Structures are given as structure tokens and as C-alpha cells.
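# pasting the sequence and the predicted model now:
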There are 2 protein chains.
Amino acid sequence: MECQDYGLTRDTERKNLNLNPLQRGGVLPVEARKALYEFSDGYSVCDYCAGRLDEISKPQINGFLDDLARFTNTDHARTVHGAREGKFAVMHALCKPGDTIVIDGNAHYTTHVAAERVGLNMIDVPNTDYPDYKIKPESYKEVLDELADQGEEVSLVLLTHVDGNYGNLTDSKAIGKIAHDAGVPLLLNCAYSMGRLPIDAKALNADFVVGSGHKSMAASGPIGVLGLKEEWADVILKRSDRAVVKELEMLGCTSRGAPIATLMASLPFVIERVKKWNQEVRDTRKFVDTMEKIEGISQLGVKPTEHDLVRFETRAFDEIADKHPRRGFFLYEELKKRNIVGIKRGQTKWFKCSIYGFNKEQKDYIGEAFVEIADLYS
Amino acid sequence: MECQDYGLTRDTERKNLNLNPLQRGGVLPVEARKALYEFSDGYSVCDYCAGRLDEISKPQINGFLDDLARFTNTDHARTVHGAREGKFAVMHALCKPGDTIVIDGNAHYTTHVAAERVGLNMIDVPNTDYPDYKIKPESYKEVLDELADQGEEVSLVLLTHVDGNYGNLTDSKAIGKIAHDAGVPLLLNCAYSMGRLPIDAKALNADFVVGSGHKSMAASGPIGVLGLKEEWADVILKRSDRAVVKELEMLGCTSRGAPIATLMASLPFVIERVKKWNQEVRDTRKFVDTMEKIEGISQLGVKPTEHDLVRFETRAFDEIADKHPRRGFFLYEELKKRNIVGIKRGQTKWFKCSIYGFNKEQKDYIGEAFVEIADLYS
């Protein structure tokens, strides 16, 4: 048989300034590219395996997992295939089909899919709706109180630390306290936070944290991090009766290859970059200020923003699109001319973007490019 | 915090002749190394995602999955994180906790762990024991008949196409027929076959096949293939009620990054290499002949072997180890001197190895090296 040409190049996204928030935190530093070269073949990290991935000492996966646990202030850390697989593992180990869990109204679709795969009943905690879409601790309390009044047992509370639509940073400390007061553990989805900002699971009152290597930890996908408190180790890291050293929820081993090598190589880089988080937030706020100087553009979500992922309503660009011969494509094309990509082609009503990880000149250049494009048609 | 030095180099295994069967089928061809360079960053394959990984057209994942389905003669193909994750997905979608499944006595531990994670009751079909350890179709029939007599319903029959201990190739066609006659679907674990030898799922009477990218398809781990017949698509590829385009057992999307880019780049190479499978088997048989010329060495498993993974009893080397000042390490060290690695340090009673994918000169050299080492001490 003949294969089709799969088009396996990525020039546009690699060589331009890519504002897609999904891609900003997963760019590999040079150390990770070197590790990828070393560990590109198949089962590359398994040469010296004596039965368990998390105990391999060459490369030193065991020491790395200890470092990851310290980095997140959890008692145990494992790599999983991504944040969603981490959420599924926790839900699957902790809950039975038919159990009820409480989640935030800004939860990622993977939270819904993971819960549905386990057969769980999801109760949503509403956000404050337009324009802030904020998740408030008191809303969690109301939902949990109401469920308690109804005599409904709750197996797990899940909170999205930073959501992927508005970049709202939630108050995990307060919500974790509310969950614990109700006798329920908290799973914190840190896909958009772990690796960008410091995560201290214990200070955040989180029993479980999941992170995403490809989203926010400068690693090749697919890989995620699952961190947990000692008191849940027996449940989540339960071993097989038959293959006695193997952890059931990990199916024995998880990241057997390239992604874990890049996550390991990137950890020192990631540890350094989370220290600069406040600067990233300041830069994003400045970028939002520049954008909002364009009449008909405003940031949605909590203001001032507390994260690099920002969502804009962009009536200004939509009005240009109405009259432009290239319609909605004009924005993509004008940006592309300026070596900026990552805003979906044809999209002008609103968009999400991020300038995370660019240098100061690039960040300024990006803001100015949007202003320049708006000016062209004013 | 300071990170430990994780030792992220792999010189020994990359630069010597590596006989570890786990590593032979996962070596990347140059095309896959190029793809890895392009798609090394985070969520690299998701730039043009419109909601589903399997429908992405740039890079052309959708066309690739069609090619994978043709390559395995299945009706639908998906990438999963590995063969074990594919087995878990099928078991989880198809069976309920407490269900009974029938598996072969040579099944990989990941079959046990996947079944245990779902909460299944496993009934083993025994092998013929020393020295062949063969799995016979009539043994499947006996076990299924006996369960039918007891009124026990069986939800799934699983067969390991080629096992990882003896490299025995099983008769899937006959066993699939027996399963179907009993009204039970067959899941064929092709981790050691798909990508090495041609797989025609329909001819093999398999309802589901799983393969391993890192084990046998020249891809960076972790990645696997799940192929299935149309009649099971509704069950296995069931979509979420809430995130309506997302497939539940895939948790929406699976291989979001580097491994799928390498699997795609390698497929044309893999399609060509499976055509040379008979030559690989002939070469392995010749290698076994050379090894068995050493007194006190004999191949276990079905003879003549039908796979590149071979297991030897090596009394000859064990007797040398008894008297050698370096004890069991002598074999590893003598091989290493000859640029051969992949046999565990200190192991001399028995070992598994493979010469898959080496050129003729390398294959001859490896056989001669073992003979030379045995001669040194005779």
C-alpha cells in the first residue's frame, strides 16, 4: 500500500510568533531538545528498568519524581499521559460509577469526559457569567451545602486552577477549605498553572494536583503530572494483585519514551521560569492595556488579569471584517504579514491569546501590531 | 530548589548493537527523526485542531488513521498511548466490573493489569509448559467449553499474538474462530507483531487489534494503535453526552504531540519492512543455529522460531560464571568489549534477545561474538 503525504512540517508555527495559548507553555528549551535527540527511539527510557518506570535510576526517573513532588509540594508524584489522564486516574480510583462530584462551571471539557468515562454524576458550580465568568468560593459552598441538605454524598470536588477560556485564577485555598469542611477531597486541575506559576499543593488545600507537560511545562506531548498527598497513596497508587509491583491506575508504567525525557530536561528551566511569573502577569496586563486602547476591544474574565491567557471581545476587528474584501481572514493575514500566528483564521468576534515566554521586544511588537492593524482601517 | 543530575544521555544503547528485544522495533528511521524535530514542542500536532485529534488534517492525522486501518485491515483505527492503554479502552468499554474474560497463559503483565483495573475476572488458558510454552487453539476451546458448561458468560477473549517471553506466534485465526463460535469477540495483542509482520485483522478473526508504536512500529514512545471492526465502533468509540464530538475511551484526544508525528513519519518505512519479515525469521533461525552450536545453549519456545525475539537457556555461560572472577558479569563485559549490549548485567542462566533490523554483517557478527566468548573459556 501507498501512504498519503501527511505534511509533517510545522514551519509556520515554529518560525513565527505564535500567540496560541495552547502552545506558549510547551516550547522546549535547548536542554529538552538535546534530551529528545538522546531518547527519541521507542522505549528509550526503559533500558535499565527493573520492573517499574517510577523506580528507574538511569536516566534518574526516581530522583526526578522526588523533585517533581517537591516542586508541587505533594507527597508522591507520577507522570501520566496528560492532565486528563491524571484526572481520570484519580476519579477512577476514588469514585464508583454513579457517584457525585462537584466541578466548576469553567472546567475544561476533559474534566467532563474523564468523569463521564468513569460514569460519574457532575454538579456544576456556576461562574458569575459575563463579563468576568468568575468562580467564587461561596458558590462552591452553596452547592455543597445544598447537596448536603439533599443527603447527597459527594465523592470529589474538582477545581480548575486556571481555566482555558478566560485565564481566571481561582482561589484554591478557600475552595479546598470548603471542600475539606464538607469532608470531601479536592482535585486541582493545574494544566494552565503548573510550570507557569508556583504550585504549593498543601498551601492550596489540594489533595491531588494534575499538570500538563505539553501545555505548561516545556515538554513534548503527551505527558502530565499527578501529585498527591500521602493519605491518598493507598487508593491512587494501589498495586496489582497479580503483577505485584505494578500500580493499577498507571497500568504499570505510563510515559515510556521521549516525553518524559523532555519533561526531565526541562524541569530546572521550569523551576527558574515560575519565579518570573509576576513579571509575565505584568507584561500581559500591559499588553491588555495596549489592546484596550483600540476602541471596540475589551478583555473578558477577571480584571486586571492574573494569567497570560487572555480572551478579548474584538468588535473593532469584526466591524473591519464586515467591509473587508477578505472578510474575517484579513486579521489572520495582516498578522501573518507581521510574522504573528496563532489566532484562528477567519475569527474576528473574539479570540484568546498569550504572549507568555516572549522577550520584552517581542511582547511590545505584538501589541503594536494589533494597534497598527486597527489603525489601518480606522 | 535544585534538581539532581538525571543523567539524560543514552550513548551506550544508541552507539552499540543493542540486543534488547524491547528496543529493536522502536528504532526511528531518519524520516521520523526529522518529524520529531518539527513536532518536538508541546501540543505540536494541535495547531489546526477543530475539536478532534483524529480529524486533524494538518498534519494529516485523519488520512494517516485511514492508512493505519488499511495497514491492519480494520474498519477504524485510533492511536492510543500504547498497547496496554488500547487493551484497557476495549475492556473498559466492553465489559463491566465482575465480568469474565479468557486470556492466554503467555499474556503480558499489562493484560493482567488492564483487566484488573477494570475489575475483571481472568481465566487463563494454559500453555504447554517447558520447553515450548505453546498456546494451542484446542486449549482455548476446552476452557471456553468448560465455562459454558458452568453457565459462566465470557465477555471477551484475549490472545497475545506474539508473547514477550518466548516469541511464540499464536494461531489467531483458529482461536478467533473458536471465540466467535462461542459468541465472544477476540482482542488480539499485536505489540510484538504489528509493525514487524503483516497484520490482517479480518483474516486473523480479530475484532480488535492493539499495537505498540514504541515496541514494533519505529516510533517514539508512548504510542499505540487500536484497530477495530465496524460492528464494535458504537461501543468503543462512543461519544460524550456533554462534549459531543469527543470519544469517551480516548478521553477526547490521545497522542497530542511528538510520538504521533514519528509514528506517521515511520508508517511508509514500516509498510516496507513488514514485507521483509520472512527474511528476518530466516536470519533469526540461522542465529539460533549458531548459538545452539555452543554446547549447553538451547532455544526455548516453539522451534524453529517464528519470531525475532528468542529466549535461550544458557547453561554454558552460567558454568563459566561459576568460575569467573567477574562471576555473572563476565558475559555483559565480554559482549560490551565487542560493542554488543542489551543482555542484562549479571544474567547468565538464560536471556532473551533479538537481532531484528540489523544488517547481515551485524547479524553474523553477533552470533560469532557469542561463539567466540564461549570458546574463550572452553
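Yep, it's here.
# could you use CA atoms for every contact and neighbour count after this?
OK.
# residues contacting the residue nearest the centre of chain A?
When CA atoms, centre = their mean is applied to chain A, the residue found nearest the centroid is residue A:191 (2.2 Å). Going by CA atoms under 8 Å, 6 or more residues apart in numbering or on different chains, residue A:191 touches A:83, A:161, A:162, A:210, A:211, A:212, A:215, A:216.
# residue A:168 now?
A:134, A:161, A:162, A:301, A:302, A:305, A:306, A:307.
# how about the strands in chain A?
Ranges of strands within chain A are A:17-18, A:76-80, A:100-104, A:121-125, A:154-160, A:186-189, A:208-212, A:224-228, A:297-299, A:310-314, A:340-341, A:350-353, based on DSSP state E.
# tell me what the fifth one is packed against?
Taking 3 or more CA pairs under 8 Å, 6 or more residues apart in numbering or on different chains; DSSP states H and E as the contact definition, the neighbouring helices and strands of strand A:154-160 are strand A:100-104, strand A:186-189.
# pull the CA atoms of that strand into CSV?
The C-alpha trace of strand A:154-160 is given here as CSV (Å, rounded to 0.1, in the frame of the first residue of the first chain):
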residue,chain,number,x,y,z
VAL,A,154,-20.1,13.9,47.2
SER,A,155,-17.0,11.9,46.4
LEU,A,156,-14.8,14.5,45.0
VAL,A,157,-14.5,18.3,44.4
LEU,A,158,-12.7,19.4,41.3
LEU,A,159,-11.5,22.9,40.7
THR,A,160,-9.8,24.3,37.5
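# what lines up beside that strand in the sheet?
Note on strand A:154-160: by DSSP bridges, its sheet partners are strand A:100-104 (parallel), strand A:186-189 (parallel).
# residues making contact with it?
A:91, A:94-95, A:99-104, A:106-108, A:147, A:170, A:172, A:179, A:184-190.
# try it again at 6 Å.
Strand A:154-160 has contacts (CA atoms under 6 Å, 6 or more residues apart in numbering or on different chains) with A:100, A:101, A:102, A:103, A:104, A:107, A:184, A:185, A:186, A:187, A:188, A:189.
# wait, which of these is closest to residue B:232?
If you rank these by distance to residue B:232 using CA to CA, residue A:100 comes first, at 29.3 Å.
# any idea how far stretch A:61-80 is from the chain center?
18 Å (CA atoms, centre = their mean, to the nearest Å).
# and that stretch, average pLDDT?
Averaging pLDDT along stretch A:61-80 yields 98.
# could you measure residue A:37 against residue B:166, distance?
32 Å (CA to CA, to the nearest Å).
# and if you look at residue A:48?
Counting by CA to CA, the gap from residue A:48 to residue B:166 is 21 Å.
# so which of those two has more stuff around it?
Remark: of residue A:48 and residue B:166, residue B:166 carries more neighbours, 25 against 18, as counted by other CA atoms under 10 Å in any protein chain shown.
# who touches the closest residue to residue A:238 other than its chain neighbours in this structure?
Nearest in space to residue A:238, with sequence neighbours left out and distances taken as CA to CA, 6 or more residues apart in numbering or on different chains, is residue A:247 at 5.6 Å. Residues near residue A:247 by CA under 6 Å, 6+ apart: A:237, A:238, A:239.
# nearest to chain B, of the residues you listed?
Nearest to chain B among those, counting by CA to the nearest CA, is residue A:239 at 9.1 Å.
# that closest one touches residue A:246, doesn't it?
Yes: counting by CA atoms under 6 Å, residue A:239 does reach residue A:246; the two are 5.4 Å apart.
# let me have the strands paired with strand A:154-160 in a markdown table, extended by mean pLDDT.
Below are the strands paired with strand A:154-160 laid out as a markdown table (pLDDT from 0 to 100):
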| stretch | mean pLDDT |
| --- | --- |
| strand A:100-104 | 98 |
| strand A:186-189 | 98 |
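# got the ones you listed as TSV, with mean neighbour count columns?
Output for the strands paired with strand A:154-160, formatted as TSV (neighbours: other CA atoms under 10 Å in any protein chain shown):
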stretch	mean neighbour count
strand A:100-104	23
strand A:186-189	27
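# anything in the helix or strand of chain A with the lowest mean pLDDT sitting right up against chain B?
The helix or strand of chain A with the poorest confidence is helix A:11-15; it has a mean of 92 (mean pLDDT, DSSP states H and E). No: against chain B, helix A:11-15 shows no contacts by CA under 6 Å from any CA of the partner chain, the least distance being 7.7 Å.
# list the buried ones in that helix?
Neighbour-count burial for helix A:11-15, with 16 or more other CA atoms under 10 Å in any protein chain shown as criterion, is recorded at residue A:13.
# could you dump it to PDB, C-alpha only?
Written as PDB, here are the backbone C-alpha positions of helix A:11-15 (Å, rounded to 0.1, in the frame of the first residue of the first chain):
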ATOM      1  CA  ASP A  11       7.400  25.900   9.700                       C
ATOM      2  CA  THR A  12       4.600  28.400  10.200                       C
ATOM      3  CA  GLU A  13       4.100  27.700  13.800                       C
ATOM      4  CA  ARG A  14       7.800  27.200  14.600                       C
ATOM      5  CA  LYS A  15       9.200  30.200  12.800                       C
END
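# redo the contacts of residue A:247 as a markdown table? Include neighbour count and pLDDT.
Shown next, in a markdown table, are these (neighbours: other CA atoms under 10 Å in any protein chain shown; pLDDT from 0 to 100):
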| residue | neighbour count | pLDDT |
| --- | --- | --- |
| A:237 | 19 | 98 |
| A:238 | 18 | 98 |
| A:239 | 21 | 98 |
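# distance across stretch A:18-30, terminal residue to terminal residue?
End to end - CA to CA - stretch A:18-30 spans 18 Å.
# that one near chain B anywhere?
Yes: judged by CA under 6 Å from any CA, stretch A:18-30 and chain B are in contact via A:26, A:27, A:28.
# and of those residues, the nearest to chain B?
Minimum distance to chain B across the residues of stretch A:18-30 next to chain B is 4.0 Å, recorded for residue A:26 (CA to the nearest CA).
# doesn't residue A:221 make contact with the closest one?
No: with contact defined as CA under 6 Å, residue A:26 does not reach residue A:221; the gap is 8.2 Å.
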